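Colleague: Task: produce atomic coordinates for the following.
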Amino acid sequence: YRALIYPLLIREGKPTPFFTFVLALLFCVYNGYLQGRSLSNYAKYPSGWLKDPCFITGFMGWLIGMAVNIHSDQILRNLRKPGETGYKIPRGGMFEYVSGANFFGEILEWFGFALACCTLESLAFALCTLFILGSRAKQHHQ
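Modeller: Numbering: from 1, shown residues only. Sure thing, here's the model as predicted:
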């Protein structure tokens, strides 16, 4: 969602520097490769894994996190009318509980994914997401 769909939905804003775009693209491709390789080549699951409470809880966390993330991004995209500038405080959805609802949703997604997969690679990415987006959320809150 963040790498492919979201960029197509956002309105015109500040242009992204090409170098930043390339780094983000490389990061997404490499992380996708690592997660896919980990799951397809190294992870071993028992036959009933999809019914295991750990998988179900993780999947639900991922699903709820994605819903929060997408809804929060929609609220943020609709904060300003076209041509309008200035800061506005988002209202509604999870923004009533946390100031960085979009970041919270994405963090929840990746921790849900890590719980569902139970791999070191998925946990490592969830922790990276927590530290990176957590620091961005703190900046936005301030």
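Colleague: What lies in contact with the longest helix seen in the chain?
Modeller: The helix spanning the most residues in the chain, taking DSSP state H as the definition, is helix 53-77. Contact partners of helix 53-77, identified using Cβ atoms under 8 Å, 6 or more residues apart in numbering, comprise 1-2, 6, 9-11, 49, 90-95, 101-102, 104-118. Every C-beta, even on glycine, is put in place using the N, C-alpha and C of the backbone.
Colleague: Select only the buried ones of those in PyMOL?
Modeller: The following PyMOL line selects those of the contacts of helix 53-77 that are buried, judged by 16 or more other Cβ atoms under 10 Å:
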select buried, resi 90+93+94+95+101+102+104+105+106+107+108+109+110+111+112+113+114+115+116+117
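Colleague: Next one: Met60 relative to Glu109, how far apart?
Modeller: As judged by Cβ to Cβ, to the nearest Å, Met60 and Glu109 stand 11 Å apart.
Colleague: Need the nearest residue in space to the spatially most central residue of the chain, chain neighbours excluded.
Modeller: By Cα atoms, centre = their mean, the chain has its centre lying nearest to Glu106, at 2.7 Å. Leaving aside its sequence neighbours, Glu106 sits nearest to Asn69 (Cβ to Cβ, 6 or more residues apart in numbering; 5.0 Å).
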